[in-house]
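Chemist: coords please:
(chains A and B)
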Amino acid sequence: MDLFEYQGKQYFARYGIAVSPGGVADTVDEALAVAERVGYPVVVKAQVKVGGRGKAGGVKLAANADEVRTHAGTILGLDIKGHVVRRLWIERASDIAREYYASFTLDRPNKVHLGMLSAQGGVEIETVAQEDPDAIAMLSIDPVRGLDLATARRWVAEAGLDEEARAQAAELLVKLYECYTKGDCDLAEINPLILTTAGTVHALDAKVTLDENASYRHPEWDEFRATETEDPRERRAKEKGLNYIGLDGDVGIIANGAGLAMSTLDVVNQVGGSAANFLDIGGGANADVMAAALELINSDPKVKVIFVNVFGGITRVDEVATGVLEALGRVTITSPIVLRLDGTNAVEGRAILAPHLSDTLITEPTMLDAARRAVAIANA
Amino acid sequence: MSIFVDENTTVIVQGLTGGQGRFHGLRNRDYGTRVVAGVTPGKGGSDVEGIPVYNTVREAVDATGATASFVVVPPPFAAGAIMEAAEGGITFIVCITEGIPAQDEAVTYNRLVEEFPGVRLLGPNCPGIISPGKCNIGITSGDIALAGGPVGIVSRSGTLTYQALYELSVQGVGQTTCVGIGGDPVPGTNFIDCLSAFEADPETKAVMMIGEIGGSEEERAAEWITHHMTKPVVAYIAGVTAPPGRKMGHAGAIISGSKGTAQAKMAALSAAGVRVCQNPTEAGQAMVDIVASL
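Modeler: Alright, predicted model coming up:
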């Protein structure tokens, strides 16, 4: 789960990481109230989960109430790369002396944590990595031992942070590592981490991705979840406990297993079609799950055909076939359904469906045949 | 021969008294796997269809001499169960649990490497391992596997593994061992571990590899294949059309920025001389053709 900047800053604050004083505003009046509270000048920042806000006009400096009113009014409702701004973060403007970059993430190939620190902050770190890779000080951290202050002190020196920033930055990095590990982040990034003209170090931005697998031990994440502005199809899927990702095509996909579901999207694409979604119904594809899945796909107006791709392992295909029939008895599905059922008890499963087959309930023997049939229907 | 397990492997099931543990543990035993004990804290002294249950792994190992463990416990307890297995003397741990926090996986993996260098962890979030006719630890349906080799399978995905087994078995091509390494960001066993074991196994003549988007394990495997693999490899990579930044079901299946794409993995494997196929059926057929030509 990706957090908005303001949520990332609130999360940082839990771990004692310094951020600028500020507040959230959903209206111009609320923006004014926050500005009056934190004191001018303030920065009015669009809260969208996409990069490049500044260039898109989503970040503005305001010296007084009139400017807050103007900028808040302009930015609220602004469309930034398809993300409409519904919420602002208003914070006290900082006098920036230097901008740095800091982040922690998992180094998957080496199965340890990776800290990245650079004295060249405020720009895309990917750009720095390409143009001047030596400007990034990489630190491999053993997850068992963690990051101690002594190591952090050596690290800030190696990265070439300004002398007066080093002691504060080292302490902040240890706290950021705590936030990353104890806070179960996939990514905890500060860009820029700043040194102010007054000589203090704090986080001017926050990019945090939380590991959903750890949500059971973080009841405080509920408030972040409440503000997730997602695809309405994905919201409905989540309510039903389905593993669904909305896409742009017109072939609805239902498959058992994440790998098979991904593979199904690929095969549909290979034969000239385009998938409307990713949907993994998991191992136990019973009638309830199948009904929920069919109903969900059916509610997507773009879908012209539904491709059900099930490979029976532990899941028995005859049970899936019964599930499909039961589901069809419960919900009215408007799009034709093409099924490919293979694996354990596939013969029995196809026999169960045989008397019910029609122009709108079709079976095909292989994944490729079924994909071709589904795409032909979608393109007809 | 098989890799990692064989007909003599003795297995305990951590979580045998739970719904899933019981279902899969008994299926594994029915397949012929030597399932000798279960472990559930507080249930020691009871049994599950004749399989004795102990309170701790140490007690189970002392009583049975088991060397392998099948961990089927919920995510909050999985990391602890894996460490208990290693501490209790188990040397091969299969964990099928899906949904373990990545931070727990990172700590557990490194603790095993540092404190128990002789222990191999397979998974988490994997279907397990099957050596047809000899041993099945995990959730793979034994019916779709065929004994006798000569193909080794290694895969990041469960259902695609079953698909691969099935496509080979229906055409009469058997498997030496099929290893599901799982779709999480910190797998205990990776492609290279399995490829090198298959390379060393005289009965394995060819290897099928099933990868997916996310991470760079396939690229690293390609590098390894270039320098060390003499046996033919067929590969399929799922997720060519996956959108960047989205976790495609598996926690580890995500394209981050420009990294972890299926295209890059397929290109790396092709360059390493691997026969890269466009879908699972094509991969199955390619392997059948290779086996026929051996």
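
Chemist: in terms of contact, does A:Asn269 touch B:Thr241 like I think?
Modeler: Yes - at 4.5 Å, A:Asn269 and B:Thr241 qualify as touching, with contact defined as CB atoms under 8 Å. Every residue, glycine included, has its C-beta placed from N, CA and C.

Chemist: more crowded one of the two?
Modeler: B:Thr241 (21 against 17; other CB atoms under 10 Å in any protein chain shown).

Chemist: Could you export stretch B:16-35 as CSV, CA atoms only?
Modeler: C-alpha atoms of stretch B:16-35 as CSV (Å, rounded to 0.1, in the frame of the first residue of the first chain):
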residue,chain,number,x,y,z
LEU,B,16,-0.4,-31.1,11.5
THR,B,17,-3.5,-30.6,13.8
GLY,B,18,-4.7,-27.6,11.8
GLY,B,19,-7.1,-27.8,8.9
GLN,B,20,-4.6,-27.3,6.1
GLY,B,21,-1.8,-29.2,7.9
ARG,B,22,-4.0,-32.2,8.4
PHE,B,23,-5.3,-32.2,4.8
HIS,B,24,-1.9,-31.9,3.1
GLY,B,25,0.0,-33.8,5.7
LEU,B,26,-2.2,-36.8,5.2
ARG,B,27,-2.2,-36.4,1.4
ASN,B,28,1.6,-36.4,1.5
ARG,B,29,1.6,-39.6,3.6
ASP,B,30,-1.0,-41.2,1.3
TYR,B,31,1.4,-40.5,-1.6
GLY,B,32,4.1,-42.6,0.2
THR,B,33,6.0,-39.8,1.9
ARG,B,34,7.4,-40.9,5.3
VAL,B,35,5.5,-38.5,7.4
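
Chemist: Please parse chain A into its domains.
Modeler: A:21-92, A:96-226, A:232-379 (automatic domain parsing).

Chemist: related to what we said a few turns ago, list the residues that contact both of A:Asn269 and B:Thr241?
Modeler: Common neighbours of A:Asn269 and B:Thr241 (criterion: CB atoms under 8 Å, 6 or more residues apart in numbering or on different chains): A:Ala275.

Chemist: Look up which helix or strand the residue lying closest to A:Lys81 once chain neighbours are set aside falls in, please.
Modeler: Leaving aside its chain neighbours, A:Lys81 sits nearest to A:Val50 (4.9 Å; criterion: CB to CB, 6 or more residues apart in numbering or on different chains). A:Val50 belongs to no helix or strand when elements are defined using DSSP states H and E.

Chemist: Neighbours of A:Val50, how many?
Modeler: 13.

Chemist: ok, now A:Val331?
Modeler: Neighbour tally, A:Val331, other CB under 10 Å: 15.

Chemist: From chain B, how far off is the residue nearest to it when sequence neighbours are not counted?
Modeler: Closest residue in space to A:Val331, ignoring its immediate chain neighbours: A:Glu295 at 4.8 Å, by CB to CB, 6+ apart. From A:Glu295 over to chain B the distance is 20 Å, taken as CB to the nearest CB, to the nearest Å.

Chemist: quick one, what contacts A:Glu295?
Modeler: A:Ala327, A:Val331, A:Ile333.

Chemist: Look at stretch A:156-167 and report the distance between its end residues.
Modeler: 8 Å (CA to CA, to the nearest Å).

Chemist: if we can go back for a sec, with distance to B:Val48 added, can I get the domains of chain A in a markdown table?
Modeler: Below are the domains of chain A laid out as a markdown table (distance: least, CB to CB, whole Å):
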| stretch | distance to B:Val48 |
| --- | --- |
| domain A:21-92 | 48 |
| domain A:96-226 | 27 |
| domain A:232-379 | 18 |
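
Chemist: one step back: am I right that the residue nearest to A:Val331 is in a helix?
Modeler: Yes - according to DSSP: H, G, I helix; E, B strand; the rest coil, A:Glu295 belongs to a helix.

Chemist: still on that earlier bit, next step: the contacts of A:Glu295 restricted to helices.
Modeler: A:Ala327 (DSSP state H).

Chemist: As CSV, the contacts of A:Glu295 with pLDDT would be great.
Modeler: Shown next, in CSV, are the contacts of A:Glu295 (pLDDT from 0 to 100):
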residue, pLDDT
A:Ala327, 86
A:Val331, 85
A:Ile333, 89
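
Chemist: I'd like to know which of the contacts of A:Glu295 is nearest to A:Pro109.
Modeler: The shortest gap between A:Pro109 and any of the contacts of A:Glu295 belongs to A:Ala327, at 42.8 Å (CB to CB).

Chemist: Would you check how far apart the closest residue to the closest one other than its chain neighbours and B:Pro132 are?
Modeler: Distances taken as CB to CB, 6+ apart place A:Ala291 nearest to A:Ala327, at 3.6 Å, with adjacent residues excluded. Applying CB to CB, to the nearest Å, the value for A:Ala291 to B:Pro132 is 36 Å.

Chemist: if you count what's nearby, which of those two comes out ahead?
Modeler: Higher neighbour count among A:Ala291 and B:Pro132: B:Pro132, with 23 against 20, using other CB under 10 Å.

Chemist: residues touching B:Asp6, list them.
Modeler: B:Ser131, B:Lys134, B:Cys135.

Chemist: Can you check the pLDDT for it?
Modeler: B:Asp6 is assigned 95 on the pLDDT scale.
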